[in-house]
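Student: Okay, sequence plus prediction incoming.
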Amino acid sequence: MKIELRENGPIIITANEIAEVKENNSIKLEKNIIALCRCGKSENLPYCDGHHRSCDFKAQHYIFETKD
């Protein structure tokens, strides 16, 4: 798994595998990449919708990686 805090942007989580989510007796495959809001302005919290670009959000870049 990789977690990237993008400079002036969202948290990007990249899983090594696609998750299986069971809902109502069916299996739905989810994406292996998700973008989470860090600026707090998204209209789709906790997910990023790009509002960080228009609200002058500032944050440093950092990457965390695990070896699965």
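Tutor: Structure's in. What do you need?
Student: Kindly provide the distance from the closest residue to Ile34 other than its chain neighbours to Arg6.
Tutor: Distances taken as Cβ to Cβ, 6 or more residues apart in numbering put Ile13 closest to Ile34, at 4.9 Å, once the chain neighbours are dropped. Every residue, glycine included, has its C-beta placed from N, CA and C. Computed as Cβ to Cβ, to the nearest Å, the Ile13 to Arg6 distance reads 11 Å.
Student: what do you get for Arg53?
Tutor: For Arg53 relative to Arg6 (Cβ to Cβ), the value is 11 Å.
Student: Show me the shaky parts of the chain.
Tutor: In the predicted model, the chain carries pLDDT under 70 at residues 19-23, 26-30, 68.
Student: where along it do the helices fall?
Tutor: Per DSSP state H, the chain carries no helices over any range.
Student: Nearest to the spatial middle of it, which residue is it?
Tutor: Ala35 (2.2 Å; Cα atoms, centre = their mean).
Student: how much space between the residue lying farthest from the centre of the chain and Ile34?
Tutor: Going by Cα atoms, centre = their mean, the residue of the chain most distant from its centre is Asn25, 26.7 Å out. Distance, Asn25 to Ile34, by Cβ to Cβ: 25 Å.
Student: Could you do Gly50 as well?
Tutor: In this view, Gly50 and Ile34 are 15 Å apart by Cβ to Cβ.
Student: Just confirm the residue nearest to Ile34 contacts Ile3, I think it does.
Tutor: Yes: using Cβ atoms under 8 Å, Ile13 is in contact with Ile3, at 5.4 Å.
Student: ok, the residue farthest from the centre of the chain to Ile18 distance?
Tutor: Using Cβ to Cβ, we find Asn25 at a distance of 20 Å from Ile18.
Student: if we can go back for a sec, for Arg53 and Arg6, indicate the residue with more neighbours.
Tutor: Between Arg53 and Arg6, counting by other Cβ atoms under 10 Å, Arg6 is the more crowded of the two (17 against 11).
Student: Thanks a lot, see you next time.
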